[in-house]
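Chemist: Quick one: sequence and predicted model below, then my questions.
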Amino acid sequence: MTLSARFLRLPGLAAACLAVFVAASVPAAAQSRQEETFDRTLTVQPGGTFRLRTFSGRVNIRGTGGNQVVIHAVRRASADRLRDIQIEVSQSGNSVEVNANHRVVERDNDNVVETDFDIQVPSSMRLDVNSFSADIETENVQGAHRLKTFSGDIELAASAWNDRDGLDLETFSGDVRLRLPDNARGSIDFDSFSGRFDSDLPVTLQSSSRRNFRGELNGGGSASFRFKTFSGSASIKR
């Protein structure tokens with residue numbers, strides 16, 4: 001028997017009590033959860049840096065052939081939290097910085113807004129992304145990138161590669177997945193407590209210990225590939 005069927009057969013007082021109980025069992029935050037969108041477009045020149053600081057949700061960054069940074073975000077939280085905590089965007093020359101949880105009003109707790117980002121940047125723009133639980137996914141970007149998350153996954157797909165490009169990727173329990181062209185090369189430093197590493201591209205081992213190994217990807221080069229995890233694994237695919 002469903003809850004609604006049982007509810008219809010209860011006496012008036014018992015039914016009212018049950019209604020109060022059901023309403024009270026739903027967290028207040030869930031009852032007042034709202035959603036809003038954020039959009040901003042900025043013009044930059046090639047070779048700049050895009051920095052993002054966020055907490056939860058997801059991050060999707062795609063490189064384009066234009067000269068604009070296009071930011072679209074969907075934010076979810078209670079009305080007062082959406083009001084007190086906002087997205088802050090600043091630009092200095094060719095560098096753009098985004099803070100997903102800028103406090104307009106100081107709060108004792110509930111200082112985070114879950115935010116989903118869909119961002120377009122020039123394909124040559126460097127990325128510096130730091131999150132806690134948000135997954136980070138990037139596509140068609142070139143340059144030296146730093147991507148860091150605690151419990152989220154990191155995924156990067158590059159259609160082209162230059163010898164000066166490099167990656168600094170860090171996660172605690174998430175996995176790191178790279179899709180690189182056949183000519184990607186450089187030195188690899190993989191540090192993990194229990195994670196595994198595998199690569200479709202040739203890797204020559206230089207040194208290894210219980211938690212770390214160093215090697216050369218495609219014979220080595222000037223680029224540096226740094227992977228750091230605790231329990232997450234890392235992989236390089238074609």
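Modeler: Sure thing, it's come through. Small disclaimer: the values here were computed from a predicted structure and weren't measured. Numbering: from 1, shown residues only.

Chemist: Check whether Asn218 really touches Asn183, as I assumed.
Modeler: Yes - with contact defined as CB atoms under 8 Å, Asn218 reaches Asn183; the gap is 7.2 Å. For the C-beta atoms, the positions are set from N, CA and C on the backbone; glycine is no exception.

Chemist: neighbour count winner among those two?
Modeler: Just comparing Asn218 and Asn183: by other CB atoms under 10 Å the higher neighbour count belongs to Asn218, 18 against 12.

Chemist: ok, the nearest residue to the more buried one once chain neighbours are set aside - contacts?
Modeler: Among residues not flanking Asn218 along the chain, Arg185 sits closest, at 3.6 Å (CB to CB, 6 or more residues apart in numbering). The contact partners of Arg185, by CB atoms under 8 Å, 6 or more residues apart in numbering, come to Asp163, Glu216, Leu217, Asn218, Gly219, Gly220, Gly221, Ala223.

Chemist: OK, contacts around Ala77?
Modeler: Contacts of Ala77 by CB under 8 Å, 6+ apart are Arg33, Gln34, Ile85, Asp110, Val112, Val113, Glu114.

Chemist: Which helix or strand contains the second one?
Modeler: This means Gln34. Element membership of Gln34 [criterion: DSSP states H and E] is strand 33-43.

Chemist: quick one: contacts of that strand?
Modeler: Here strand 33-43 makes contact (CB under 8 Å, 6+ apart) with 67-79, 82, 87, 89, 91, 96.

Chemist: Which elements pack onto the helix or strand just after that strand?
Modeler: The helix or strand immediately downstream of strand 33-43 is strand 49-53, counting by DSSP H and E. Packing contacts for strand 49-53, counted by 3 or more CB pairs under 8 Å, 6 or more residues apart in numbering; DSSP states H and E, involve strand 95-103, strand 114-122, strand 126-130.

Chemist: Fine by me, we can end here.
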